[in-house]
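**Q** Okay, sequence plus prediction incoming.
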Amino acid sequence: MTITTTEAKGLTPTIELAARLSGHGFDATPHLAARLVRDQSQLSDIVARLRDAGVDSVFVIGGDAAEPAGVFPDALSLLDGLEAGGHHFRRVGIGGHPEGHGSISGELIERALERKAPYATQVITQMCFSAATTTAWARQVKLRGVELPIRIGLPGAVTRQKLVRISAGLGLGQSARFLSKQHSVLRRFFLPHGYRPDRLVEQLAPALGARDNGLQGFHLFTFNEVARTEAWRQAWLARLTDDDSS
């Protein structure tokens, strides 16, 4: 279970919630936004708090703050800080961008992924509504020498209004344009229960475990609709079990 962070609230609520969830037996992964960390001393304190709480997984991002709070302007610098200070994390996730980044060129974002890969144990992609785009990107990542397992980020069973709003707000390249132009898709979104992850999962599943890409599984973005997404996940697993037994 991952816990996001925002510039408005800062890192403290993220760290505290991760600690509480870990205390209740959940496998919690806080987002660490580099541009919200002041210095190596604060980073050491964060690592110590998470270690004491039994949290052994983090997801490192640059963050969207206009100006860095201190000495870590991007995810790579924070990863280097974690390595320099020593850390206990078994899993260190970094972001992947199948459709690029809204403010960074495609070549730069992929070069950054290559440089971050030695510090990480997995890649989690930003959400993309095109299975073909995600698969083609994963093949290119593999060709560039990044051998990390990739978990495909996709929206869970979120409401259609929230999905359209978040997609546009994130500026997801082709996906944002796709949603704005494909009226048939928008009609499906605004029908009752108009969006479900099923189609994307079905389209992406054949690529999982293929030798020419690193795609290894899914990461569901709930956008705070945890109950709806978990209900969908359980129903999906039950259906798979029924198919296997029939």
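**A** Good, I have the coordinates.

**Q** Pick out the residue closest to the middle of this protein.
**A** Nearest to the geometric centre of the chain sits I124, at 4.4 Å (CA atoms, centre = their mean).

**Q** distance of D27 from M127?
**A** According to CB to CB, to the nearest Å, D27 and M127 sit 21 Å apart. In short, each C-beta sits where N, CA and C put it, glycine included.

**Q** More neighbours: which of these two?
**A** Shown here are D27 and M127; by other CB atoms under 10 Å, M127 has more neighbours (22 against 13).

**Q** isn't the more buried one right up against V158?
**A** No: the criterion here is CB atoms under 8 Å, and M127 misses it with V158 at 10.4 Å.

**Q** what touches both of these two?
**A** Overlap of the contact sets of M127 and V158 (by CB atoms under 8 Å, 6 or more residues apart in numbering) consists of F221.

**Q** And the helices in the protein?
**A** 12-23, 40-52, 75-85, 106-116, 131-143, 160-170, 173-181, 183-189, 198-204, 226-245 (DSSP state H).

**Q** Give the other helices and strands that the first one contacts.
**A** Packing partners of helix 12-23 (3 or more CB pairs under 8 Å, 6 or more residues apart in numbering; DSSP states H and E): strand 2-3, strand 29-33, helix 40-52.

**Q** List the neighbours of the first one that are in contact with it.
**A** Spelled out, that is strand 2-3. The set of residues external to strand 2-3 that reach it, using CB under 8 Å, 6+ apart, is T14, L17, A18, L21, A28, T29, P30, H31, F59, H219.

**Q** Farthest-apart pair in the residues you listed, please.
**A** Spanning the widest gap among the contacts of strand 2-3 are L17 and H219, at 18.1 Å by CB to CB.

**Q** More neighbours: these two, which one.
**A** Taking other CB under 10 Å, L17 and H219 do not tie; H219 has more neighbours (19 against 16).

**Q** Just the pLDDT at that one, thanks.
**A** H219 carries a pLDDT value of 95.

**Q** got a list of what it touches?
**A** For H219, the contact set (CB under 8 Å, 6+ apart) comprises T2, I124, T125, R151, I152, G153, L154.

**Q** among these, which are in strands?
**A** Among the contacts of H219, DSSP state E puts T2, I124, T125, R151, I152, G153, L154 in strands.

**Q** re the thing from before, so which of the helices of the chain gets nearest A65?
**A** Taking CB to CB, helix 75-85 is the member of the helices of the chain nearest to A65, at 12.7 Å.

**Q** tell me which residues of the closest one are tucked away?
**A** For helix 75-85, the neighbour count (16 or more other CB atoms under 10 Å) marks A75, L76, S77, L78, L79, G81, L82 as buried.

**Q** Likewise for stretch 28-48?
**A** 28-37, 42-44, 46-47.

**Q** gap between the two ends of it?
**A** 15 Å (CA to CA, to the nearest Å).
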